[in-house]
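# here is my input; please provide its structure:
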Amino acid sequence: MVGERIRTIVLDPASKHDARTDALLFNAARAQLVQEVVRPALARSALVISTRFADSTLAYQGYGAGLPLDQLRALEALATGGLRPDLTILLDLPPETGLARKDAERTRFETGFGLDFHRRVRDGFLALAAAEPDRFAVVDASGAEPDVATAVLDVAARLLGVEELLQFAAPAGEPERAGLRIHR
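This is a model prediction of the structure:
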């Protein structure tokens, strides 16, 4: 998929380019994802879950790197055709903790950007959540993985109106039994 190849280039720790290029490339990858995966899934009435979407560009390239949010929103609208998530679950924790947890798969955003950048990104995500409280659910991600997974399932169950989702919550210390793939 073209979008995955673009993301590989953008995230490569050896890549050197500016925030505007990042925004354009991430949105090109997003446009391809929407066209090839998201819209066809929605047409089948499937539930679509993504680990990141356009809010990430607003937080990283907007709040983190200082690009104008109105320009990034216009680019987002073009890339997604106006498609926006019904729910965004923000897993919140201090950047120091998040960076320390990121042992494997370090991208250029972990290796090439300082703590102040990551603090601005977090503040940006929290500002986005505060501006759209009906779309965002902020989950404290500083706890143990099973507790965070249970909190995420609880939020999703409330949105979907399907309390049965909660039955998949794992016993403490066993996130894999929740049907979740925990990336470390």
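
# all helices for the protein, in order.
Ranges of helices in the chain, per DSSP state H, are 2-11, 19-33, 39-43, 54-57, 69-80, 95-101, 108-111, 115-131, 145-160.

# which stretch among those comes nearest residue 63?
Closest approach to residue 63 among those is made by helix 115-131 (2.5 Å; CB to CB). The C-beta positions use only the backbone N, C-alpha and C, and glycine is treated the same way.

# show me which positions of that closest one end up buried.
Within helix 115-131, the residues that count as buried by 16 or more other CB atoms under 10 Å are 117-118, 120-122, 124-126, 128-129.

# can I get those residues in JSON lines with pLDDT and distance to residue 63?
JSON lines is the format used below for the buried residues of helix 115-131 (pLDDT from 0 to 100; distance: CB to CB, whole Å):
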{"residue": "117", "pLDDT": "90", "distance to residue 63": "10"}
{"residue": "118", "pLDDT": "90", "distance to residue 63": "11"}
{"residue": "120", "pLDDT": "96", "distance to residue 63": "5"}
{"residue": "121", "pLDDT": "95", "distance to residue 63": "6"}
{"residue": "122", "pLDDT": "96", "distance to residue 63": "9"}
{"residue": "124", "pLDDT": "97", "distance to residue 63": "2"}
{"residue": "125", "pLDDT": "97", "distance to residue 63": "8"}
{"residue": "126", "pLDDT": "98", "distance to residue 63": "9"}
{"residue": "128", "pLDDT": "98", "distance to residue 63": "8"}
{"residue": "129", "pLDDT": "97", "distance to residue 63": "12"}
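
# and for residue 1, the neighbour number?
Residues lying near residue 1 (other CB atoms under 10 Å) number 11.

# pretty sure it sits against residue 31.
No. Assessed by CB atoms under 8 Å, residue 1 is found out of contact with residue 31, at 11.8 Å.

# any regions of the protein where pLDDT drops low?
Within the chain, the stretches with pLDDT under 70 are 103-106, 108-112, 161-184.

# quick check: the farthest pair among the buried residues of helix 115-131?
Longest span within the buried residues of helix 115-131, CB to CB: 117 and 129, 19.1 Å.

# thinking again about what came up before, looking at the helices of the chain, which one is packed in the most?
Each of the helices of the chain was scored by mean neighbour count; the highest is helix 54-57, a mean of 22, by mean count of other CB atoms under 10 Å.

# if I look at residue 67, how far off is residue 120?
As judged by CB to CB, to the nearest Å, residue 67 and residue 120 stand 12 Å apart.

# fine by me, we can end here.
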